[in-house]
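1. Fold the following and give me the result.
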Amino acid sequence: MDPLPKRIEEWAKKNELQIVSAERRRFFEGPFSLNAGHVYRIVVRGRNEDVGEGWLCLRNSLFGADWEEVEWIRRPAHTMQPRPEDVVAQTVLGVGTMSPNAKKWVFGVLICIPFIAWGLASLAYGRFVIPSRRTTIVFEGIPALLLALAVISFSLGVHLRLFWGINWKRTKVLFLIAFVCLLFGLCVQLFEFLI
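-> Residues are numbered from 1 along each chain as shown. As a prediction, this is how the structure comes out:
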C-alpha cells in the first residue's frame, strides 16, 4: 500500500479519526464521479473505537485554499454534527434532516429556478427590477442586461454545482461571468447616474 498523503493524515487528526485504510480510486469514485480531485475510499476508527467508512475527496483550489470533502456511508458517532443543510431544513422547512437527494432538489433546483426565471424575464423586458419594501429599484438598458446575466450565471453555477455535482473548477467560469457582469452593471449604472 502506498504511504498516505499528508493531507489525509492531517484531515484525520483534525477530525479526531484514525485511518484504518485509504484506497485511491481513479475510476469508480463513488459520489465524486466526474469531479476533479483525488478520491479515496476510506475506513476510519473514531474516538470510541467505532468504525466509519466513506469517500474522501482531496480538492485543490486555484487560489491556494485546498479543502477536503467527505461523503459518509457510515459515520463515526462523534462526527454526528448537524450539516448546514440540515439546520436549514429544520428551521425553514420543518424537517429533521435533509437527504442528499432532497438537498440536490431544494438547493440545486427549487432555489435556483426562480432566480434564473428572474434573469430571463429581465432580459426579455429589458428592465432589471429589485423589489423592496420601501422603494423598487429599476435598472434599464445596459445595466439591466448585465445584472440579468449576472443573476443567470450565478444561479446556473449554483444549480450545476449542487444538482449535478459538477466541481468548482468547471463551474468557476459561470461565477466569474456573474461577478464581472455585476461589477460592470453597477459601474455603468453609477456612471449614468453621475452624468
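2. from here on, contacts and neighbour counts on C-alpha atoms
-> OK.
3. quick one: the helices in this structure?
-> Secondary structure of the chain (DSSP state H): helices located at 6-14, 84-88, 100-105, 112-125, 142-162, 168-194.
4. who does the last one touch, helix- and strand-wise?
-> Yep, that's helix 168-194 we're talking about. Packing partners of helix 168-194 (3 or more Cα pairs under 8 Å, 6 or more residues apart in numbering; DSSP states H and E): helix 142-162.
5. Give me the distance from the helix it packs on to the chain's centre.
-> Averaged C-alpha coordinates place helix 142-162 at 15 Å from its chain's average position (Cα atoms, centre = their mean, to the nearest Å).
6. average pLDDT across it?
-> Averaged across helix 142-162, pLDDT comes to 92.
7. Helix 168-194 and that helix, what's the angle between them?
-> If you take axes from the mean of the first three to the mean of the last three Cα atoms, to 10 degrees, helix 142-162 sits at 160 degrees to helix 168-194.
8. ok, back up a step: among the helices of the chain, which comes closest to W72?
-> helix 100-105 (11.1 Å; Cα to Cα).
9. that older thread, what's the least confident stretch among the helices of the chain?
-> The stretch with the lowest mean pLDDT among these is helix 84-88, at a mean of 60.
10. What residues does W164 make contact with?
-> Shown in contact with W164 (Cα atoms under 8 Å, 6 or more residues apart in numbering): K104.
11. Might one say that V109 is in contact with H159?
-> Yes - applying Cα atoms under 8 Å as the test, V109 and H159 come out as touching, 6.2 Å apart.
12. Compare these two (neighbour count), which wins?
-> H159 (24 against 18; other Cα atoms under 10 Å).
13. Could you list the residues in contact with stretch 128-141?
-> Outside stretch 128-141, the residues that touch it by Cα under 8 Å, 6+ apart are 119, 122, 126-127, 144-145, 147-148, 189.
14. could you flag which of those residues are buried?
-> By neighbour count, with 16 or more other Cα atoms under 10 Å, these hold 119, 122, 126-127, 144-145, 147-148, 189 as buried.
15. any chance of those in JSON lines, plus distance to L58?
-> Listed next are the buried ones among the contacts of stretch 128-141 as JSON lines, based on distance: Cα to Cα, whole Å:
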{"residue": "G119", "distance to L58": "34"}
{"residue": "S122", "distance to L58": "39"}
{"residue": "G126", "distance to L58": "43"}
{"residue": "R127", "distance to L58": "43"}
{"residue": "A144", "distance to L58": "40"}
{"residue": "L145", "distance to L58": "38"}
{"residue": "L147", "distance to L58": "34"}
{"residue": "A148", "distance to L58": "35"}
{"residue": "Q189", "distance to L58": "42"}
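16. out of the helices of the chain, deepest packed?
-> Comparing those by mean neighbour count (mean count of other Cα atoms under 10 Å), helix 142-162 ranks first with a mean of 24.
17. quick one, domains of the chain?
-> 6-81, 88-96+100-194 (automatic domain parsing).
18. how near is the residue nearest to R26 when sequence neighbours are not counted to W11?
-> Leaving aside its sequence neighbours, R26 sits nearest to V39 (Cα to Cα, 6 or more residues apart in numbering; 7.1 Å). Look at V39 and W11: by Cα to Cα, to the nearest Å, they are 14 Å apart.
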